[in-house]
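Peer 1: Take this sequence and fold it.
(chains A and B)
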Amino acid sequence: MNRVYIVALVFCLFAVFAVADDSLYESGPMKVPGDGELDAGAAIDKLVWARLDKLDLAPAKLCSDEVFIRRAYLVAIGTLPREEEVRDFLSTTDDVKRTLVVERLLDSPEFADYWSMKWGDLLRIKAEFPIKLWPNAVQSYHHWVHDSIRTNKPYNEFVRELLTGSGSNFRRGEVNFYRAMQDRTPRGCASTVALTLMGERTKLWPERKLDAMAGFFSNVAYKSTSEWKEEIVYFDPTADEDNLHRQAIFPDGNPVELDPSQRDPRMVFADWLIRPENPYFSRTISNRIWSWLMGRGIVDPPDDLGPHNPPAIPELLAHLEREFTESHCDIKHLFRIIMNSQTFQLSSIPAQRSPEAVANFAHYPLRRMEAEVLIDALNQITNTKEDYSSPIPEPFTFVPDDIRAIALGDGSITSSFLELFGRPPRDTGLEEERSRNITAAQRLHLLNSSHVQKKIKACPLVARAAETAGEDSAELIERIYLQVLSRYPTEDERTVVREYADASGMGTRSLALDLVWSLVNQPEFYFIH
Amino acid sequence: MNISQSLLARRHRRELSRIPQLSGGVPVSRREALRRSVYGSAGMLLMEPFSVRAAQDPLSPRKLSTGDGPAKSVIQIWLWGGPCHIDTFDPKPGAGREYTGALADTLDTNVDGMQIGQLLPGLAKEADKYSLIRSMTHGTNGHETAAYLVQTGRTSERDVFPGSGAVVSYFKGYDAGYEGLIPPYVVLTEPQGRFSEAGFLGPRYKPFATGGNPASPVFAVEGIVSPGVTEEQQRARRDFKGKLNTLGGALPGHSALKTVVDSEEQAYELILGDAGKLFDLGQEKDEMRDRYGRNTFGQSCLMARRLVEKQVPYITINYKGWDTHKQHFQIMNRKLPELDQGLAALLGDLSENGLLDSTVVWCTGEFGRTPKVATESPWNGGRHHYGKAFSCLLAGGGFKGGQVLGATNSTGEEVAERPVYPADVIGSMYGQLGIPADAPLPHPQGTPTNVVPGESENVPMGGLLKELV
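Peer 2: Below is the predicted model of the structure:
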């Protein structure tokens, strides 16, 4: 037993010496925003700062450039920065280089891919059971979402189109909104609209509130055509025959007379919902975007709004709503002001640990990469691909063989890797369907599966290492660090790697192999930090 | 505990296992300590720490107290694609060549009056060990919906129900005190994937899919067995990796990183511990491996027997390739002997080892196939989906052998006697495992829901299989 303790003590001492140089992950302290600073990021910081001050909590330091570029890429476009991008960014001394990166990311094609994936979860874009949209409809739905994001369609227009669409599921992508739900009754539609666009769960509502809202959706009708699996979603003024003229009640309690012979009640509802001053509208989307970028909603979870779940910093949420409204529902504007704030750029190393620090954004949270982002990152590092195919044999869905997982439109096109790492089934549209947990099975897969081992063997740097055997490995080690962890190795790390190579007498290729393996298995790799 | 320390803990596991480690001074075995750490923070072995939709406090795992039944394990042989009932377990020699195609003969079995298809001679010798349900029906001809029906017993359009493997894992897995290192629900070798097998129970109850091929020289169980990497290399690399954990050093005691360490500890238990030996089919005698057939299906059956010996509650063999719209008879000539050899060996071997009485074996697909051969172009002798009538083989775990339940008409196109729906089979199986029909499932909206559908669900049922118990 003594021996156990002695050895343990030695390890503890080692751990003390091995403690990282914090400046690797941190830069300076957060600056108290002065009154003269006009940019929107500063306004966010002021509100967060005031809240932290009130709670007597200190914010973490600002993150280092190394942390920033990696975080910005992974959060905004679900993509790992490439070696050259990291080198360029780290060597630039421009004051506004972080802002420039944000601008570049918001304009990149991956932005539309990645956020179409996120919206695909919420809008349940899936060909098969239980949503059963069918591949052609999935494509048109996904294209519509992708186009909307690519062109930065104002969010109010996006919502109006979703709510009021009519036409063929193959030709008008947005009409699939009313098909992508298991329960297509008026109540089912109302429930889905409430969750997706108002961030509320109707099971917490009184029955009569849901019934009253269902009235807006009782003229939604579906019919098939002679084309296989084609379905028309349309407005049928006579669908609710016994109840043609009726009163419905908006979720805020205001009644309205509906007359379907004059106007599609869905339009009446859309007019109500997308008014800028409607908190159900701008609050929900502002909070969602904050939670996507910050890892946690001001109201959290972001799809469980309501009086039972108050915001952590109400003034901050109100500020975001205002920014959103004044920018004419510009989604990218919210991205821009949040990502340029110091709050977004805080380090993950907390100044102090407490649930309150977490809930009030005193430091940036650790989050495991999403399944799709993780496999894309592994493929990027190792220059390998995955085979994706649609489980529905006919019509065959053409999936390009170099497609990235974030660009897959159909939730039914999957892989055991994506399942293992928590890709959502897209059954319900709840945000919590996506899992970012760490499990033993995931660790097993990254540590030891033939799937990952094969990729690492194919990694160009490993292949190159075989050719340069005997040469100094310093440059190789540096490139592996830049590609996997988006930073240069520290002196300590260089020493550990050299000692490992010397002790085992291994060749350069084996060293490259073990180093890539070792780094993709670091929390620093698979966590966004 | 950092990685190096956990390595150390392993090295000294003997000593450690004798030391009272946890509070109260009660000696705790290493495995129990591991299990506690599993519940405490890292989640179930290979599972999510808590289910997304059936959330519960991971610190106080619900001990489910269902009763015991004669069955302890289930082996599900899933014939993905839908095998033809009249070519296998419900032959119709009198229906004419229009129906039988080239497979017009039948075989007598070792049970008087019970006959099966001509390509199943091995199973003909084991008929006393299994019963055949010839009146399976649900009427659905789409793969995914039918697969969902047959494996969940549910027709619900509203919710996604768990398949029987996930339900058994829920009632007989970790929550019920299962202590094996191997996850309680294993799929050989690829997951079914067409629908979420765990349904609303959530990812915690999903199966562990082995990957790899048990018929290759090394069964490379994904993650557990890594060909070409020695144990020594594994340890050296693990140590190396530990030294490079710079972020971990900057965030001592962070809860997310603690979860990583605990999950990794469990992963290495599988990589470096006994799990690798369990999956090493080289430990079986050559004659035994030959008996099962040296192909993926045969060796999967052998692997399933080894898992049953370790008390794994639910094993699915996902046996693909039965969707034979074209080239049906050519494919049957190739596949049926494989099915016959592997399944007959499994039943015989389980029986010889005294394991059949405690192991349910059920073998079916999502539907049957059109009894009338599609001779027209482009099918040229194929068979299509047929959910109206199909067969299921059921053995062991207290179910009687040598029985035939239900019947189809003379052409195999209609159920003529005693219709049996998927919920009847699954519910009866739960009964044999000691899971009562009214055992509640944690419905996400809190709707009272039992393992066997209640009357209000309007799920068609023909009645539990009292005839076979």
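Peer 1: Would you tell me what the next helix or strand after the helix-or-strand element of chain A with minimal mean pLDDT is?
Peer 2: Ranked by mean pLDDT, DSSP states H and E, the weakest helix or strand in chain A is helix A:2-18, scoring a mean of 43. Where DSSP states H and E defines the elements, the next helix or strand beyond helix A:2-18 is helix A:40-54.
Peer 1: Please spell out which residues along that next one are buried.
Peer 2: A:40-49, A:51-52 (16 or more other Cβ atoms under 10 Å in any protein chain shown). (Each C-beta comes from the backbone N, C-alpha and C, glycine too.)
Peer 1: by contact count, what packs against the helix or strand just after it?
Peer 2: Downstream of helix A:40-54, the next assigned helix or strand under DSSP H and E is helix A:65-77. With contacts taken as 3 or more Cβ pairs under 8 Å, 6 or more residues apart in numbering or on different chains; DSSP states H and E, helix A:65-77 sits against helix A:83-91, helix A:97-106, helix A:109-122, helix A:279-294, helix A:331-339, strand A:527-528.
Peer 1: I would like the residues contacting the last one, please.
Peer 2: Around strand A:527-528, the neighbours that count as contacts under Cβ atoms under 8 Å, 6 or more residues apart in numbering or on different chains are A:70-71, A:74-75, A:295, A:366-369, B:247, B:256.
Peer 1: secondary structure element for B:Gly397?
Peer 2: Secondary structure from DSSP H and E places B:Gly397 outside every helix and strand.
Peer 1: got the contacts of strand A:527-528 as a markdown table, with neighbour count, pLDDT and distance to A:Val86 columns?
Peer 2: What follows is these, written out as a markdown table (neighbours: other Cβ atoms under 10 Å in any protein chain shown; pLDDT from 0 to 100; distance: Cβ to Cβ, whole Å):
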| residue | neighbour count | pLDDT | distance to A:Val86 |
| --- | --- | --- | --- |
| A:Arg70 | 23 | 98 | 8 |
| A:Arg71 | 22 | 98 | 12 |
| A:Leu74 | 23 | 98 | 13 |
| A:Val75 | 22 | 98 | 16 |
| A:Gly295 | 18 | 97 | 22 |
| A:Leu366 | 20 | 96 | 20 |
| A:Arg367 | 18 | 96 | 20 |
| A:Arg368 | 21 | 97 | 21 |
| A:Met369 | 20 | 98 | 17 |
| B:Leu247 | 23 | 95 | 17 |
| B:Ala256 | 18 | 91 | 24 |
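Peer 1: where are the low-confidence patches of chain B?
Peer 2: The model of chain B has pLDDT under 70 over residues B:1-65, B:156-158, B:193-196.
Peer 1: how about it, which residue sits the furthest from its center?
Peer 2: B:Ala250 (43.3 Å; Cα atoms, centre = their mean).
Peer 1: Distance check, it against A:Glu110.
Peer 2: 29 Å (Cβ to Cβ, to the nearest Å).
Peer 1: what's the answer for A:Leu513, then?
Peer 2: Taking Cβ to Cβ as the measure, A:Leu513 falls 29 Å from A:Glu110.
Peer 1: check contacts around the most centrally placed residue in chain B.
Peer 2: With distances taken as Cα atoms, centre = their mean, the residue of chain B nearest its centroid is B:Thr316 (2.1 Å). Contact partners of B:Thr316, counting by Cβ under 8 Å, 6+ apart, are B:75-76, B:78, B:165, B:185-188, B:192, B:207.
Peer 1: now B:Lys172
Peer 2: Contact analysis of B:Lys172 by Cβ under 8 Å, 6+ apart lists B:66, B:178, B:184, B:313-314, B:433, B:435.
Peer 1: again, only this time at 7 Å
Peer 2: B:Lys172 makes contacts with B:178, B:184, B:313, B:433, as judged by Cβ atoms under 7 Å, 6 or more residues apart in numbering or on different chains.
Peer 1: just A:Arg464 next, same as before
Peer 2: A:Arg464 neighbours (Cβ under 7 Å, 6+ apart): none.
Peer 1: cutoff 8 Å now
Peer 2: A:476, A:512.
Peer 1: before we move on, back to that, what's opposite the residue nearest to the centre of chain B in the beta bridge?
Peer 2: Applying DSSP bridges to B:Thr316 gives these bridge partners: B:Gln76, B:Val187.
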